[in-house]
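1. Okay, here's the prediction I keep looking at, along with the sequence it came from:
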Amino acid sequence: MSRPGRGVSARDWDESDVRVRPNKKGSRPRTKDRPAHEDAVQGRVITVDRGRYTVHLPQDAHGPAREVSAMRARELRRQPVVTGDLVGLVGDLSGAEGTLSRIVRIEDRETVLRRSADDSDAVERVVVANVDTLVIMVAAANPEPRTGFIDRALVAAYDAGIEPVLCITKTDLKDPAELLAHYRELELEVLTSASDSPVDTGSPDQDPALDPDLLTALRDRLDGHISALVGPSGVGKSTLINALTGAERATGHVNAVTGRGRHTSSSALALPLPSEDGSVREDTWVVDTPGIRSFGLGLVDPDRVIEAFDDLSPALADCPKGCTHAEGAVGCALDPWVADGHAGPAGPRRLESLRRLLAGRSDAPVTAPPRDGR
Ligand SMILES: Nc1nc2c(ncn2[C@@H]2O[C@H](COP(=O)(O)OP(=O)(O)OP(=O)(O)O)[C@@H](O)[C@H]2O)c(=O)[nH]1
Ligand SMILES: [Zn+2]
């Protein structure tokens, strides 16, 4: 009996071969005896759809980089597999139409971006695994940026150990200075994007051309990283992803003929960010997260929430034990910290934002006061 050697392709060998392999030693338990699928080929899960996984395999002896369809091996059926997971595959790895391979291993995750549906929900939903960068997208205008969304995303990134980048789109519509002032005391990396030409409303099926210099700056920042993009509806996420990747993610314009346009899938999708010459780089991916409009923080410890506000968190050392840090909490050191100017001119509003998050209340716009009657 010989183990499949290097010359045998992984697709010729799978779990079922292992089962029928004669066992010379007789009756050792099969589970212990089963090899850990050493010959499994590693790929990256790029999307999930009802128990079927699309896995990207890099170029190898079996062919060029390709996407294969896969399901989980029976022994992994209780282990969730999410977009971004690195998995070991066996079976048919050709990627040919109608073929199905099997995920036999899930590698340890470097990072896990998770969220609860809302602040009172403690059910973990893993959005994506193994991203190192979270691109928090808001528009300078249309829709109005909300600090609540940004702050929630910052907390989620901080909690997950993922580097946040604020990306302000549509700066052709409005100067983002006011929004940026709010975050001046944070060491927050900011990138912008803008439409290069006035959006031609006469051709609703066309994405607006984005400013090439800003696009280059974004591409340079994302180069060599695996980045998840999150943003409220309408900020221009699809437009940007299309411009960066050359993909054709459906954008917000509704097709005049079919009346459809928006894709409705809610699973995250990883897209390779090709280099200038169009070649795919295995180390550079952008992950579209169409289902994520905001982050419920039900899973995040309140103290972790405050730690993400690093313009305010130094004050905590002086809070009384068990301080709720809520508005009016006796002795809360956040109030004098802000009053003394340690958090800069935006301090009072930052503290408001923090307390809103801690109280589990909803987002507020950066500028305009709440509309009357609502
Ligand atoms: N003025 C301006 N408009 C833009 C820009 N980027 C995108 N838009 C427009 O904003 C609208 C929304 O863009 P999308 O790319 O569909 O936004 P999205 O964030 O993907 O929205 P969802 O599909 O709802 O998630 C479209 O009408 C775009 O043409 C920009 O930089 N400037
Ligand atoms: Zn306090």
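-> Okay, I see it. Since we're looking at a predicted model, the values are computed, not measured. Ligands and ions are numbered 1, 2, ... in the order given.
2. After the longest strand anywhere in the chain, heading C-terminal, what element do we hit next?
-> In the chain, with assignment by DSSP state E, the single longest strand is strand 41-49. Once strand 41-49 ends, the next helix or strand along the chain (criterion: DSSP states H and E) is strand 52-57.
3. Which parts of that next one count as buried, going by neighbours?
-> Burial within strand 52-57, assessed by neighbour count using 16 or more other Cβ atoms under 10 Å, is assigned to Tyr53, Thr54, Val55, His56, Leu57. C-beta coordinates here come from the backbone N, C-alpha and C atoms, glycine included.
4. Dump that strand to PDB, keeping only the CA atoms.
-> In PDB, the C-alpha atoms belonging to strand 52-57 read as follows (Å, rounded to 0.1, in the frame of the first residue of the first chain):
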ATOM      1  CA  ARG A  52     -21.900  25.900  -1.400                       C
ATOM      2  CA  TYR A  53     -18.500  27.600  -1.300                       C
ATOM      3  CA  THR A  54     -16.700  29.200  -4.100                       C
ATOM      4  CA  VAL A  55     -13.000  28.800  -3.500                       C
ATOM      5  CA  HIS A  56     -10.200  30.500  -5.400                       C
ATOM      6  CA  LEU A  57      -7.100  28.300  -6.100                       C
END
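5. and the longest strand of the chain, what other elements does it pack with?
-> With contacts defined as 3 or more Cβ pairs under 8 Å, 6 or more residues apart in numbering; DSSP states H and E, the packing partners of strand 41-49 are strand 52-57, strand 86-91, strand 269-272.
6. repeat that for 10 Å
-> strand 52-57, strand 66-72, strand 86-91, strand 101-106, strand 125-129, strand 269-272, strand 285-288 (3 or more Cβ pairs under 10 Å, 6 or more residues apart in numbering; DSSP states H and E).
7. now, among the buried residues of strand 52-57, which is nearest to Leu166?
-> Proximity of the buried residues of strand 52-57 to Leu166 was ranked by Cβ to Cβ; the top entry is His56 with 28.2 Å.
8. and the buried residues of strand 52-57 as CSV, adding distance to ligand 2 and pLDDT?
-> Putting those into CSV (distance: Cβ to the ion, whole Å; pLDDT from 0 to 100) gives the following:
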residue, distance to ligand 2, pLDDT
Tyr53, 45, 96
Thr54, 47, 96
Val55, 47, 97
His56, 47, 96
Leu57, 51, 95
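9. re earlier: parallel or antiparallel, list what pairs with the longest strand of the chain.
-> strand 52-57 (antiparallel), strand 86-91 (antiparallel) (DSSP bridges).
10. I'd like to know which of the ones you listed lies nearest to ligand 1.
-> With Cβ to the nearest ligand atom, the closest approach to ligand 1 among the strands paired with strand 41-49 belongs to strand 52-57: 20.5 Å.
11. Skip the chain neighbours and tell me the closest residue to Tyr53.
-> Ala70 (4.6 Å; Cβ to Cβ, 6 or more residues apart in numbering).
12. Show me what the one you found is bridged to.
-> Beta-bridge pairing for Ala70 (DSSP bridges): Tyr53, Ser101.
13. What are the neighbouring residues in contact with it?
-> Counting by Cβ atoms under 10 Å, 6 or more residues apart in numbering, Ala70 touches 43, 45, 52-55, 57, 81, 87, 89-93, 99-104.
14. With Ala194 instead?
-> By Cβ under 10 Å, 6+ apart, the contact set of Ala194 is 140, 168-173, 176, 208, 210-211, 213-215, 236.
15. Please pick the buried ones from the residues you listed.
-> Neighbour-count burial (16+ other Cβ under 10 Å) is assigned, among the contacts of Ala194, to 140, 168-172, 176, 208, 210-211, 214-215, 236.
16. Mark which of those residues are part of strands, please.
-> Counting by DSSP E, the buried ones among the contacts of Ala194 place Ile168, Thr169 in strands.
17. So Val165 sits against Val131, correct?
-> No: assessed by Cβ atoms under 10 Å, Val165 is found out of contact with Val131, at 11.5 Å.
18. what is in contact with the two at once?
-> Ala157, His225, Ser227, Leu229.
19. which of the buried ones among the contacts of Ala194 come close to ligand 1?
-> Subset of the buried ones among the contacts of Ala194 in contact with ligand 1: Thr169, Lys170, Asp172, Pro208, Leu210, Gly236, counting by Cβ under 6 Å from any ligand atom.
20. Next up, the contacts around the fifth one.
-> If you count contacts by Cβ under 10 Å, 6+ apart, Leu210 has them with 169, 172, 193-197, 218, 236, 239-240, 242-244.
21. Low-confidence stretches in this protein?
-> 1-36, 198-206, 249-266, 291, 361-374 (pLDDT under 70).
22. Tell me the residues on this protein that lie near ligand 2, please.
-> Counting by Cβ under 5 Å from the ion, the residues of the chain close to ligand 2 are Cys319, Cys323, His325, Cys332.
23. Check these and tell me the two furthest apart.
-> The two members of the residues of the chain next to ligand 2 with the most space between them (Cβ to Cβ) are Cys319 and His325, at 6.6 Å.
24. And the two? Which one has more around it.
-> Here Cys319 and His325 are compared on neighbour count by other Cβ atoms under 10 Å; more neighbours surround His325, at 21 against 17.
25. Nearest to Ala268, out of the residues of the chain next to ligand 2: which one, please.
-> Distance to Ala268, by Cβ to Cβ, is smallest for His325 among the residues of the chain next to ligand 2, at 32.9 Å.
26. I figured that closest one hits Asp318, correct?
-> No: His325 lies out of contact with Asp318 (Cβ under 10 Å); the separation is 11.5 Å.
27. Can you check which residues contact both of these two?
-> Contacts common to His325 and Asp318, judged by Cβ under 10 Å, 6+ apart, are Cys332, Ala333, Leu334.
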